[in-house]
Every structure is written in structure tokens, then in C-alpha cells.
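1. Need coordinates for the following:
(one chain, ligands or ions: 2)
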Amino acid sequence: MTTGQPLGDHGRMEARFLGIAELAETPSVAVVVDVMRAFTVAAWAFGRGAEKIVLAESPDDVLALKAGNPGWVALKDGPPAPGFDAVNSPGLLRSLDLRGRTVVQKTTAGTVGALAVKEASLVLCAGFVVAGATARLLRQQGCDAVTFVVTGEEGRAEEDLACAQYIARRADGSAGDATAFLRRAAGSRAAAELTEGVRLGSHPDDVALCLELDRFPFAMVAAVEEASMVLRPRAVPAPAPVPVPVPGDETSP
Ligand SMILES: O=C(O)[C@H](CS(=O)(=O)O)OP(=O)(O)O
Ligand SMILES: [Mg+2]
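-> Residues are numbered from 1 along each chain as shown. Ligands and ions are numbered 1, 2, ... in the order given. Got it, this is the predicted structure:
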């Protein structure tokens, strides 16, 4: 799906929403979106103390990287598998202590999307849990053209598209009411599959955790380090509220 369009009322940022297979050229700035579940899981890994996440090309690469780096945490989607330490579930990951650890992650959609734009000058990975920080970072960087990679269902995954459009609106300075976007994600095929237990390696809380808006105050930046694509958190504090002048109060601005 190609829906190049200027966004918001302000016209400051041009956003394009593309599936992985539609990436004909390397974008300058890419936001790779996987709500259910790769980048919700990645955010939880950082929330639990992980230092970095290496995005791997294949399950075999995960195991090879782990073999060469004792202590790394091997993670993939699907059911628990020999040699792997974790699955792609925020509900299961949130009880792990990952302080100082390196996670190696391979999933069906999210990690593939990030690797597809590894040559971009700025790559952010996102879901609703880091939506606000991701939008703030795009604003801080002055990004005027952003390609959102909608990783699920060949660019049509409703949870990813809704999240991408929401981040684009916030980055563009438009109103930040997320209700309609979250409702679309809650009604997605991915949410239904997780609720019905179709997707293996899951926890009953996974959908709710994937729909937690701004759960974390950091964005997630991916960059090539020594031939691997490495994801790291970057704190993006919300700006302090502007004081409202109070008539008659000489101490107010
Ligand atoms: O683990 C997930 O939820 C999915 C698995 S699949 O795409 O439904 O097979 O992977 P993700 O890359 O996180 O979308
Ligand atoms: Mg997904």
C-alpha cells in the first residue's frame, strides 16, 4: 500500500506509509512499526534493563550470535524453542530481569522491517508504548519527510497502520487524542489472534500491554554497529508545560 500524503493541519511533515515489500528505495528517515508484538517486546526489554537489542536475520543467526556471546538472551516469535531463552511476548518478558543484558531478537515482521531500512540515516522502531517519545524525537530532529514501515500483513496490519498514523499526527503537531487509533488496533486481526490463542508464545495480557499508550519515556533507535543492526533506547523527555499567566498574580509570567 502506498499512501504518500501530507499530514495534519500544519503541513510540516510529509508521511508515507509503506509495507516492507513496497520499499523501493532507502528512505532518509524511517519509523518501523510493529505493535503486536516485536517493538512492544523490545520496549519492555529496555524497561526491564536490557542494554541493547541485536536485530537478527534468522533464528539460526540468533543462535550463532548467542553461541559467540555467552550471556546474550536469544528471543524469537512462536512457541518456546530449544536454544532460545525468551519468546516474543510482553506479558512473558515483563517478569524477566534483563539488567545489562544484550537481547538478540528475530520475529516474522518487526525485525525484518527494521533490517529492510538499515541504510537509512535515522531508523526508529515503534509501537504505541513509545509513540509519544517517537513523535517527540521526530520533531526534535526536524524531520520533514518520514517513511513509516507498516510491518504486518504486507503493509495492511491495522494495528501497525493505526499506530503509524497516530505517531505521524503527533509528530506533525496535530491533536494527540489516541482513542480512535487504539480502538482500530484493538479490533485488528493480530489482536484477535492473540486473544484466541492462535499466536503461540503468548500471554493473556499481551494485547492490553501492546495498547498501553506512552508506557515508556524513550524512543528506540536502530543503527548498524559492527555489521549488526542494533536497537537502543533514547530518552526523549516531554517538554515542561508552559506556565499559564494568572491575572493579578505578579509572580506569574
Ligand atoms: O510474535 C508476533 O506476534 C508476530 C508473529 S506472526 O507475524 O503473527 O507470525 O511477529 P511480529 O514480528 O512481532 O509481528
Ligand atoms: Mg506484528
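
2. and V149, that one's in a strand?
-> Yes: counting by DSSP: H, G, I helix; E, B strand; the rest coil, V149 is located in a strand.

3. who touches it in this structure?
-> Counting by Cβ atoms under 8 Å, 6 or more residues apart in numbering, V149 touches 18-20, 23, 30-33, 113-114, 116-117. To be clear about C-beta, it is placed using only N, CA and C from the backbone, and glycine gets the same treatment.

4. mind redoing it with 7 Å?
-> 18, 20, 23, 30, 32-33, 113, 116-117 (Cβ atoms under 7 Å, 6 or more residues apart in numbering).

5. Would you mind listing what in this protein touches ligand 2?
-> Counting by Cβ under 5 Å from the ion, the chain comes close to ligand 2 at 34, 36, 109, 152.

6. again, only this time at 6 Å
-> 34, 36, 109-110, 151-152, 190 (Cβ under 6 Å from the ion).

7. Now tabulate the residues you listed in JSON lines and tack on pLDDT.
-> Converted to JSON lines, the residues of the chain next to ligand 2 look like this (pLDDT from 0 to 100):
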{"residue": "D34", "pLDDT": "98"}
{"residue": "M36", "pLDDT": "98"}
{"residue": "A109", "pLDDT": "98"}
{"residue": "G110", "pLDDT": "98"}
{"residue": "T151", "pLDDT": "98"}
{"residue": "G152", "pLDDT": "98"}
{"residue": "A190", "pLDDT": "98"}
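
8. Give me the phi and psi for the most centrally placed residue in the chain.
-> Central residue of the chain (Cα atoms, centre = their mean): A126, 1.7 Å from the mean position. The phi/psi pair for A126 (degrees, to the nearest 10) reads phi -150, psi 160.

9. Could you do D85 as well?
-> Torsion angles, degrees, to the nearest 10, at D85: phi -100, psi -20.
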